[in-house]
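[1] what shape does this take:
(one chain, ligands or ions: 1)
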Amino acid sequence: KEFKLQYGAQRTGKRTDAAMERWRGNRFGQFIHWGLYAIPGGVWNGKTYNYAAEFLKSSAKIPGSTWDSLMYQFNPKKFSAKEWARMAKRMGAKYMTITTKHHEGFCLWPSRFTEFNISRTPYGKDILKELVDAYNAEGIDVNFYYSVLDWHHPDWRYDIKSPEDSVAFRRYLDFAFNQLKELATNYPTVKAFWFDGTWDNSVKKNGWWTYEVEQMLKQVSPGAIVNSRLRADDRGARHFDSNGQLMGDYESGYERRLPDPVTDLKVTKWDWEACMTVPENQWGYHKDWSISHVKSPLELLEMLVHTTSMGGNFLLNFGPAGDGSIRPEEQRIAAEIGSWMQNNGNVIYNSGYAGWEKQDWGYFTAPSRPNTLNMVVFNLPVSGLLKVKVPAGVKISTASTGGKKLRVEEIAKNQYLVHFERKWFAMPQVIVLETGGEGKKGAQYQ
Ligand SMILES: C[C@@H]1N[C@@H](c2cn(-c3ccccc3)nn2)[C@H](O)[C@@H]1O
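    Numbers count the residues shown, from 1 in each chain. Next comes the predicted model:
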């Protein structure tokens, strides 16, 4: 049953324009959560709150006026946009997504629509401009995260329960629309908009506004990319409209979790991005990371490869401290992932879903070069024999690692073993396959 929708999906299938192909090929991004929450870092009146640090205002039940006065302490002495950009470059990130305004409502840019912004802090300067310029200078694209949910703004409403609510919330929607137009206009190199805080009924009941925002951003900033999380349709359906069509330009529902490489292959039909925290659940800076598991560089690298193997982008989060420094754990992650990406980035960038059956030893990625495929090996079997099942009729002609040929043995119909070394490796190993035969060679990255 098809619903007639005014504010549903504007397009079916992946965007094929140059801006989207660039976004897709970038594959690996750095998320940055930075705001007033980084100052207390999850600790208030000597008490540590274990919930996400960017939620400390609600975890510690802090009055708005108290929280907002953190603005007068914001003066990051160790902040260097250039240093952050160089670290991201070394990590191999091709884009960066910055929280221009998180749920607290504090703006990292001198917005003319609210005084709750960087210009009224001791720091004073336009942090957003400094970051955009520094990252763009390193050849890294910059995208803007924007929270529609706003704890500071008096006209924000979680739901619309009275005429007063709808009048106030309409003022809020106008405010947010103006801020977004301001961001797209004043920072013209921005490539994409990452919307968050759109799950409440107030937003779901105003699908028209989410449609208008998408239209406006694409008028002001041609080629701009918008995530599915912004969008609600005429009937309040989110991400996918009431007819099951993806809204926005890519699916952004994977937060702190990845689709399963066997049971969630549906995601390979559209563009998508997963965002990931280093601790179990901390986006903003938290002083005490001992309260949960902290993912190692290798765990995060495997998530990046896993995501690429399913045709998605991976957005890895950093939470800089209130003084603008990057904590040692995050520095180490950038260095270790970066050292592998230095030599193996080609299996990630401009690569994607191969359409081959997932194997235990790791992941396949399909580069744009035809008749080749990458095997990224994380779990080397004690036998050293890597099983490869190929689509019907596909032949493997060669397998090589670091330019060295490996023995390839056809052991059954559409089944091969690649003879690899039987030894322990510190980092994932890449094997390049050349394929032939008349069979459908599986998906090719395009
Ligand atoms: C991208 C991430 N989305 C924000 C978030 C997550 N949540 C949330 C709240 C309740 C349950 C599950 C998730 N609310 N806001 C986090 O603060 C971070 O910005």
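[2] which phi and psi values does the residue lying closest to Glu280 once chain neighbours are set aside adopt?
    Nearest residue to Glu280, sequence neighbours excluded (Cβ to Cβ, 6 or more residues apart in numbering): Ser292, at 3.8 Å. All C-beta atoms are positioned from the backbone trio N, CA, C, and that covers glycine. Main-chain torsions, Ser292, degrees, to the nearest 10: phi -150, psi 170.
[3] okay, now Ser292: neighbour count?
    15 (other Cβ atoms under 10 Å).
[4] contacts only, for it.
    Asn50, Pro279, Glu280, Asn281, Gln282 (Cβ atoms under 8 Å, 6 or more residues apart in numbering).
[5] how near is it to Gly403?
    In this view, Ser292 and Gly403 are 42 Å apart by Cβ to Cβ, to the nearest Å.
[6] re earlier: name the member of the contacts of Ser292 with the most neighbours.
    That'd be Gln282 among the contacts of Ser292, by other Cβ under 10 Å, with 25 neighbours.
[7] that one reaches Asn50, doesn't it?
    No. The criterion here is Cβ atoms under 8 Å, and Gln282 misses it with Asn50 at 9.5 Å.
[8] shared neighbours of the two, anything?
    Common neighbours of Gln282 and Asn50 (Cβ under 8 Å, 6+ apart) are Gly42, Ser292.
[9] find the residue closest to the residue in the chain that the ligand sits nearest to in space, skipping its chain neighbours.
    For the chain, the residue closest to the ligand is Trp283, as judged by Cβ to the nearest ligand atom, at 4.1 Å. Excluding its sequence neighbours, the residue lying closest to Trp283 (Cβ to Cβ, 6+ apart) is His33, at 4.2 Å.
[10] name the helices or strands packed onto whichever strand or helix holds His306?
    Secondary structure assignment for His306, by DSSP states H and E: helix 297-309. Secondary-structure packing of helix 297-309 (3 or more Cβ pairs under 8 Å, 6 or more residues apart in numbering; DSSP states H and E): strand 272-276, strand 312-318, helix 328-344, strand 362-365.
[11] distance to Ile225, mean neighbour count and mean pLDDT added to those, as a markdown table?
    As requested, the helices and strands packed on helix 297-309 are exported to a markdown table (distance: least, Cβ to Cβ, whole Å; neighbours: other Cβ atoms under 10 Å; pLDDT from 0 to 100):
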| stretch | distance to Ile225 | mean neighbour count | mean pLDDT |
| --- | --- | --- | --- |
| strand 272-276 | 10 | 23 | 99 |
| strand 312-318 | 11 | 24 | 99 |
| helix 328-344 | 23 | 17 | 98 |
| strand 362-365 | 22 | 24 | 98 |
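[12] just send the ones you listed back as JSON lines, with distance to the ligand too.
    Putting the helices and strands packed on helix 297-309 into JSON lines (distance: least, Cβ to the nearest ligand atom, whole Å) gives the following:
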{"stretch": "strand 272-276", "distance to the ligand": "6"}
{"stretch": "strand 312-318", "distance to the ligand": "8"}
{"stretch": "helix 328-344", "distance to the ligand": "16"}
{"stretch": "strand 362-365", "distance to the ligand": "25"}
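[13] need those in a markdown table (columns: distance to Trp194).
    Output for those, formatted as a markdown table (distance: least, Cβ to Cβ, whole Å):
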| stretch | distance to Trp194 |
| --- | --- |
| strand 272-276 | 8 |
| strand 312-318 | 8 |
| helix 328-344 | 20 |
| strand 362-365 | 24 |
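[14] that older thread, what residues sit buried inside the helix holding His306?
    Neighbour counts over helix 297-309 (16 or more other Cβ atoms under 10 Å) mark Pro297, Leu298, Leu300, Leu301, Glu302, Met303, Leu304, Val305, His306, Thr307, Thr308, Ser309 as buried.
[15] between that helix and strand 272-276, how many degrees?
    170 degrees (axes from the mean of the first three to the mean of the last three Cα atoms, to 10 degrees).
[16] okay, the angle between helix 297-309 and helix 328-344?
    Going by the same axes, to 10 degrees, helix 297-309 makes 50 degrees with helix 328-344.
[17] please export the C-alpha coordinates of helix 297-309 as CSV.
    Extracted in CSV, the C-alpha atoms of helix 297-309 (Å, rounded to 0.1, in the frame of the first residue of the first chain):
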residue,chain,number,x,y,z
PRO,A,297,43.2,0.8,17.9
LEU,A,298,42.9,-2.7,16.4
GLU,A,299,39.2,-3.1,17.5
LEU,A,300,38.5,0.3,15.8
LEU,A,301,40.5,-0.6,12.7
GLU,A,302,38.5,-3.8,12.3
MET,A,303,35.2,-1.8,12.6
LEU,A,304,36.5,0.5,9.8
VAL,A,305,37.3,-2.4,7.5
HIS,A,306,34.0,-4.2,8.5
THR,A,307,32.1,-1.0,7.5
THR,A,308,33.9,-0.5,4.2
SER,A,309,33.3,-4.2,3.4
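[18] can you give the contact residues for it?
    Against helix 297-309 from outside (Cβ under 8 Å, 6+ apart): 27-28, 258, 261, 274, 276, 278, 295, 313-314, 316, 332-333, 336-337, 340, 347-348, 351-354, 358, 362-365, 376, 378, 427-428.
[19] need the residues of the protein near the ligand, please.
    Residues of the chain lying near the ligand by Cβ under 6 Å from any ligand atom: His33, Ala52, Glu54, Asp196, Glu255, Cys275, Trp283.
[20] who wins for most neighbours among those residues?
    Trp283 (28 neighbours).
[21] that residue and Phe318 touch, don't they?
    No. Look at Trp283 against Phe318 with Cβ under 8 Å: they stay out of range, at 9.5 Å.
[22] and for the two, which residues touch both?
    Shared contacts of Trp283 and Phe318, counting by Cβ under 8 Å, 6+ apart, come down to Phe31, His33.
[23] sorry, back to before: OK, contacts around the residue nearest to Trp283?
    Per Cβ under 8 Å, 6+ apart, neighbours of His33: Glu54, Thr99, His102, Trp283, Gly284, Tyr285, Asn317, Phe318, Gly319.
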